[in-house]
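Visitor: predicted structure and sequence below. I'll ask about it afterward.
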Amino acid sequence: MLREWQMERPKLLLTIQGGSENFTLPPKVKQAFSKGLITAALSTGAWILTDGINTGVSKYVGEAVKIFGGHDLRKRNTVGITPWGVIDNNMELIGRDVFRPYQPLGNPLSKRVCLNGFHSHFLLVDDGTLGKHGCQQGFRKKLEKHIQLQKIHPRLNQGVPVVCVVVEGGPAIVSTVLDYVSNVPPVPVLVFEGSGRAADLLAFLHKQTAADRQSVSKSPFWEYFCCDLTHGSLTQCDQTAPDAAILTATLKGTKASPAEQLSMALAWDRADIAQKDVLVYGQHWQVGSLEQAMLDALVMDRVGFVKLLIDNGMTMCRFLTVDRLEELYNTGQADRFLHHLVEDAKQTSLPIGYRLSLIDIGLVIEYLIGGAYRSTYTRKHFRAAYSRLQDKVKITLSPGLDDAPLLVPFNFNDLFVWAVLQQRQQMALFLWQHGEEALARATVACKLYRSMAFEARQSSFDDNIAERFKAYSLEFGQLAVDVLDCAFRQNEQMAMKLLTSEMEAWSHFTCLQMAVSSCHRPFVSHSCTQTLLTDLWTGPLNMTKSLFLKIILSLLLPPSILLLEFKSKAEMCHVPQSHEAMLFGLDSVKSAPAHEGTDRTVNQDAERGQGKCLGPVSETVSSMTMQCLSWITRIYEFYTAPVVKFWFHTMFYLAFLMLFSYVILVKMEDRPSVQEWLVIAYILSTAVEKTREVLMSEPRKLRHKLKIWFSEYWNLSDFIAILLFLAGLAMRWHVDPYRTAGRIAYCLDIIFWFIRVTDLLAVNQHAGPYLTMITKMTTNMFFIVVMMAIVLLSFGVSRKAILSPDEEPSWSLARDVVFQPYWMIYGEVYESEIDPCEDGNPCPPASFLTPFLQAVYMFFQYIIMVNILIAFFNNIYFDMASTSNKLWKYNRYRYIMTYQERPWLPPPLILLSHITLGLMAIYRRFSGDAEREERGSGLKLYLGHEDRKKLHEFEEKCVEAYFHEKSEGLHSSQTNRIRATAERAEEMCTMVGEVSEKVNFIQDSLSELDCQLGQLQDLSALAVDTLTLFSASDSLHQEEARLAQCRSITASRHILPHSWTLPHRTGADFDLLNMRRLMAKSCKSTPPSLLKCYTLVSSRLASQECHVGSKESRGGRKEHAGEGEEGVKEVLTAFF
């Protein structure tokens, strides 16, 4: 499958089991199953195994792939294992290496099924049966076992985990689940409750056994099944996301160790699962397991896991060693390009299987950054420690700890450079956020990527590689600009300190140096950088208006320097020091430690106390001394300011041009005049200064120094001018014709010195952009000039050959070929020579062709090519008009640094400064301060430990503020707002639907409950009334018995006269009275059926009362009483 179908190696196997017949899933269960399954598969690179048919659970899997899967069907890795005998139209699938169209729409009358069209691959199993499902289960189990034995990743020893997902299903699914959970090791089973049948039964059993294991049946099957449930092979997820539930079930159900679980989560690239279920409190880890996990995460480019491990206490100082760092460099995706860089850096070919060392990586870093950059991996102390480490010698960090092995103090910078060289942009962006000097690392990455893009183009690599490097460089460059802008908005002085503070971890470079080295124009043209450059340009002078007039006046009248206004030390605290100021020892105030300043203050206080004792004379002398020192300091600061150096050198340069022009305009004598001697001194001192510039430049090797120095156009122009002048000077000492040749050399040489004036104009803000445009036009017109030269030569050679067929060989032929056609470009058509036969001279053969050729030449050259050149210049002008100011700001750094590093005395007086600098360098070399001299190269700000710590804290705050602003911008963007609103609306719709379902259910339940309560109320009222009737019947019998007894006694004692006889009530009358009393006492909630009974009894009693007289005998009354009792019984019997 991996070889034939080119499928990716599985990191997880999801085997879907369930019903094969069509069934209906509830919407909520269907949504959870579809989204969870595909999310888990896509996020982990899992394979999905189903039956592959277009019915049952396989159909739901196909629908999930259709809705939530990617656009590329073959990358979905959904494999259907289907019996051959149940496939409809299976004969259409027979063939080898052919394309077979298959219609997934089957015949509804057929008993066979169709394949699901949303599966990516199918394995068709044929056991000779027709229409029989389940025959593929044996092959499917063997395939699952085989996949389970494969490695989840080449770096990891963990096998591919398998998890079973159950949706619906019949009785066979229960035995299938038992087989899975009884395997060794057991296969986790995830059941979707609510899907129906077997799935609901399994979910119910899991819940019941989780609460009370003893309540399950004691049959052998259920005992074993419940045992597996106890061990967690069957997983329940209530509020967990379905994809997380699947992966959590895989981790917990495989009974793997924490390290193996972390390896599985690492292979899936699911840091959320590892954080939730693996890296938890109380977990026991073996020694070195987390370090190995960090190494695997770096090699596999798992940014989330690197962040997770760092948040859990992993430190780079303990993790990074020489062996691990070299393993990272030798197990990357960009081995071919990195080996190519090593070959270019070492200028040799690498053998096959060569293992890169950290020294090789150091050479590559130096090769890419260039200049005077020196990597930590190539310094002497590291080379010595590395060689001893390779010889298996234990090295200690201090002499007192002989048993402590050397741990090279690597940090995030080393890992950040590894990510950049390995082209892992996301990892590099993550590592950029950790550690110190974030702005410096952004500029370093920008430089490395830009150099790698240049190397890729020069080495004919794929264009996409160069474009990718360029995009990475721009991304880090924009990151540096954004952080600088955020810092500049918070604190301007601290932001400017970030630009020029010395970075010890990056070869004592500065951010500004690195940005200029990488040609990062937006960074250099930023307001913060330009503000710093302006402060560097003016130096300690506090002047904003009429600056050049005050400087020229002060140069002509030096005492006026004391009248100028200078900046305070607080205003100059962010301005870096030049190398010259360091050599003169003027940096002691800024670089002195805090405790030295305190001691100095105490000593000054003590001296002041002694001065008070000595009297006012010593105070006067002290104040005068301090005033003199202040004047000397002001004079030195004035002459060392770059703007003053510029005007001082410019004034001498203009005087030199005037003298040189005078020398070549007048007659040259045998001996040089005074003016010529001054010119010679100026040019020779300039040559010495150029030599000093080469020797003091950043690169260490002379070849690299010369290469960088000659890459600048004005340096090349100065070199030619000096050589031409020296050649003319050597020839002018001889007699003619050498003296004449020397004078001609002088005449040609002054052209170069006059052109040099344009470089002085580049400092100006208004003239500088125009010079930038001219430079751009001159450099880009090469190909058009070549095409014009081709047209010119094609016409000039043919014209000269036709008009002069008898010429002898000479160098004048070349001049004649080019001379006249060149001037024709500017409108000179040489009218008298158009027709050579016009004066009666003999015509050369085919001379009539020259006018035609000249017409064609003038059309192409004068009309087409010249207008193309004009249009080209016009296009460049409009393109450069918007960016010329930015380019001038970028080039401004070079102008300022040129005069910042140049001695303050102009030629020829500059020789005095050279002598002073040489003596100071010799003194420092013998005093053992060579390292400080190396660090002093360039313009840097040297800070103490506390100041550097404050600067790093400020930088970290700026980075946090930048990411906070970025996150707020992302959240506040209109697109994200719409997306968030849509997600919230969808969530609200889901919640409202769930609430509506619950409300409907509650309403139905309340209605049913109300109905049941009404029935109970009717039954209770009926029972009460029935008991009341029984009580009334008993009372009636008792009353009748009492009356009968009373009548018998009265009759025996007295016989009343007829006149004394009173009307009396019969038994029926008494019964009727009692019934009316009972009806009056009836409950208000009496059911209508009982009320009907009461009405019936009353009517019967009333009818009996109507038919019975008041004077009947005792026997008659008894008879009527019996009839009344029978009537009540009939009523009760009729009711029940």
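Guide: Nice, I can see it.
Visitor: okay, how far is it across stretch 356-375, tip to tip?
Guide: 16 Å (CA to CA, to the nearest Å).
Visitor: roughly how far out does it sit from the chain middle?
Guide: 26 Å (CA atoms, centre = their mean, to the nearest Å).
Visitor: quick one: mean pLDDT for it?
Guide: On average, the pLDDT along stretch 356-375 is 89.
Visitor: what's the answer for stretch 102-120, then?
Guide: Rounded mean pLDDT across stretch 102-120 is 79.
Visitor: for it, buried residues please.
Guide: 106, 113, 114, 115, 116, 118, 119, 120 (16 or more other CB atoms under 10 Å). (Each C-beta comes from the backbone N, C-alpha and C, glycine too.)
Visitor: start to end distance for that stretch?
Guide: OK, stretch 102-120 end separation, CA to CA: 14 Å.
Visitor: can you give the contact residues for it?
Guide: 50, 52-55, 58-59, 61-63, 65-66, 69, 73-80, 82, 86-90, 92-93, 122, 131 (CB atoms under 8 Å, 6 or more residues apart in numbering).
Visitor: show the contacting residues for residue 768.
Guide: Counting by CB under 8 Å, 6+ apart, residue 768 has contacts 761, 762, 888, 891, 892.
Visitor: what about the strand or helix carrying it, distance to the chain center?
Guide: Using DSSP states H and E, residue 768 sits in helix 767-780. Here the centre of helix 767-780 is set off from its chain's centre by 38 Å, with CA atoms, centre = their mean.
Visitor: other SSEs contacting the next helix or strand after it?
Guide: Toward the C-terminal end, the helix or strand that comes next after helix 767-780 (DSSP H and E) is helix 782-803. When contacts are defined as 3 or more CB pairs under 8 Å, 6 or more residues apart in numbering; DSSP states H and E, helix 782-803 sits against helix 812-824, helix 849-858, helix 866-901.
Visitor: and the angle for the helix holding residue 768 with helix 866-901?
Guide: 130 degrees (axes from the mean of the first three to the mean of the last three CA atoms, to 10 degrees).
Visitor: need the residue closest to the centroid of this protein.
Guide: Taking CA atoms, centre = their mean, the centroid of the chain lies closest to residue 426, which sits 5.0 Å from it.
Visitor: spit out the contact partners of that one.
Guide: Residue 426 neighbours (CB under 8 Å, 6+ apart): 301, 303.
Visitor: break down the stretch 1-150 of the chain into its strands, ranges please.
Guide: In the stretch 1-150 of the chain, the strands defined using DSSP state E, counting those that start in this stretch lie at 13-18, 47-50, 78-83, 121-125.
Visitor: the chain too?
Guide: Along the chain, the segments classed as strands by DSSP state E run 13-18, 47-50, 78-83, 121-125, 151-153, 156-159, 162-167, 189-191, 234-235.
Visitor: how about JSON lines for the ones you listed, with mean neighbour count and distance to residue 913 added?
Guide: Below are the strands of the chain laid out as JSON lines (neighbours: other CB atoms under 10 Å; distance: least, CB to CB, whole Å):
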{"stretch": "strand 13-18", "mean neighbour count": "24", "distance to residue 913": "78"}
{"stretch": "strand 47-50", "mean neighbour count": "26", "distance to residue 913": "76"}
{"stretch": "strand 78-83", "mean neighbour count": "25", "distance to residue 913": "79"}
{"stretch": "strand 121-125", "mean neighbour count": "16", "distance to residue 913": "80"}
{"stretch": "strand 151-153", "mean neighbour count": "19", "distance to residue 913": "65"}
{"stretch": "strand 156-159", "mean neighbour count": "16", "distance to residue 913": "66"}
{"stretch": "strand 162-167", "mean neighbour count": "26", "distance to residue 913": "79"}
{"stretch": "strand 189-191", "mean neighbour count": "26", "distance to residue 913": "82"}
{"stretch": "strand 234-235", "mean neighbour count": "24", "distance to residue 913": "82"}
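Visitor: using TSV, lay out those strands together with distance to residue 561.
Guide: Formatted as TSV, those follow (distance: least, CB to CB, whole Å):
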stretch	distance to residue 561
strand 13-18	84
strand 47-50	83
strand 78-83	85
strand 121-125	87
strand 151-153	73
strand 156-159	74
strand 162-167	85
strand 189-191	86
strand 234-235	86
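Visitor: can you list the weak-confidence ranges in the stretch 951-1100 of the chain?
Guide: 970-974, 1048-1100 (pLDDT under 70).
Visitor: out of the strands of the chain, the one nearest residue 774 is which?
Guide: Counting by CB to CB, residue 774 lies closest to strand 151-153 out of the strands of the chain; the figure is 59.0 Å.
Visitor: domain ranges for the protein?
Guide: The chain is divided into the following domains under the TED database: 13-255, 315-395+406-525, 771-836+846-888.
Visitor: for residue 572, see how far away the closest residue to residue 861 other than its chain neighbours is.
Guide: Nearest residue to residue 861, sequence neighbours excluded (CB to CB, 6 or more residues apart in numbering): residue 791, at 5.3 Å. Look at residue 791 and residue 572: by CB to CB, to the nearest Å, they are 60 Å apart.
Visitor: all set, thanks.
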